[in-house]
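**Student:** Please find the sequence and the predicted model below.
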Amino acid sequence: MKLNLIYFSPTGGTKKTVEILSNTWDLEKNIIDISIPDKNYSTYSFSSDELCIIGVPSFGGRVPSVAIDHLKQMSSCNTPTILVATYGNRDYEDTLLELKDTAEECGFKIVAAIAAVTEHSIMNQFATGRPNEEDCCEILNLGKTIKDTLSKNLNLSNLKIPGNRPYREYNGVPLKPKTNKYCHKCGICASLCPANAIPKDNPNKTENTLCISCMRCISICPNSARSLSKLLLLPASQKMKKACSTPKKNELFIATI
Ligand SMILES: Cc1cc2nc3c(=O)[nH]c(=O)nc-3n(C[C@H](O)[C@H](O)[C@H](O)COP(=O)(O)O)c2cc1C
């Protein structure tokens, strides 16, 4: 049996969470990064004797549209699948529901879902350092619960998860990374931008209309040459303080027979 780890993780929090969860199973792992623009994902097809974990971060309580576009190219024949939505301690609203609907359309059989708190990738002062040691133990335990349930019966259905249809509206955030004088135009950010929003021939620019504010360019720049405007970030952080400050718990939703 093969375990496929399918994730969109611009700054690594989702990847880390999915990897921790995957340690529950002693299976051969196949990593599928769905953040590569222009990649043809339609070659991915999964069968019922494999297991999948699909992880995405919550952007405004929704699944990032790039991840949806790439997932929709894949196909599956009833592959037992666990969903993971990570979020920066505010809320994940319709993220799991949208992910479930999308994955089911592709033929995945959703048996469980986890909402996991991870450091906020825009406002790092919220959920700083999460998943921390305690989260890691908790996620492994959630994995064990899923594994035990699956070992008794693979024909689970009836998964109830939070969220509403129509999904909440999300039109992006007005925070777009800019470069400073330390940019050497090395092009690493341009080659790894999931939205093709950084011109490869002029990597000190950002195409704001394409940028999804995922923060990958800021997190990977070797010269710390990309950042957000503090003038915009400070008031936005103040606004989020109340909703983001009290630590939230990781949650498991599991299907029944
Ligand atoms: C554009 C954007 C929108 C976000 N919206 C939310 C949100 O609505 N609620 C929340 O709790 N966290 C939100 N976050 C935080 C991320 O969901 C969280 O940091 C996630 O772990 C990032 O995943 P990654 O490290 O795999 O990139 C947002 C982050 C970004 C970049």
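**Tutor:** Nice, I can see it.
**Student:** okay, now residue 111: neighbour count?
**Tutor:** Residue 111: 23 surrounding residues under other C-beta atoms under 10 Å. Every C-beta, even on glycine, is put in place using the N, C-alpha and C of the backbone.
**Student:** Show me what from the chain comes close to the ligand.
**Tutor:** The chain comes close to the ligand at residues 9-14, 57-61, 86-91, 118-122, 173, 213-215, as judged by C-beta under 6 Å from any ligand atom.
**Student:** who touches the closest residue to the ligand within the stretch 151-257 of the chain in this structure?
**Tutor:** Here the stretch 151-257 of the chain gets closest to the ligand at one residue, residue 213, 4.3 Å apart by C-beta to the nearest ligand atom. Counting by C-beta atoms under 8 Å, 6 or more residues apart in numbering, residue 213 touches 122, 172-173, 175-177.
**Student:** hey, where'd the helices end up in the stretch 1-150 of the chain?
**Tutor:** 13-22, 65-71, 95-105, 133-152 (DSSP state H, counting those that start in this stretch).
**Student:** Double-check residue 67 against residue 36; I have them as touching.
**Tutor:** No: when contacts are counted by C-beta atoms under 8 Å, residue 67 is not listed as touching residue 36 (11.4 Å).
**Student:** Mind checking which of those two has more residues around it?
**Tutor:** Shown here are residue 67 and residue 36; by other C-beta under 10 Å, residue 67 has more neighbours (27 against 15).
**Student:** tell me the contacts of the residue lying closest to that one once chain neighbours are set aside?
**Tutor:** Excluding the flanking residues, the one nearest residue 67 by C-beta to C-beta, 6 or more residues apart in numbering is residue 8, at 3.8 Å. Going by C-beta under 8 Å, 6+ apart, residue 8 touches 14, 33-35, 55-57, 64, 66-67, 70, 194.
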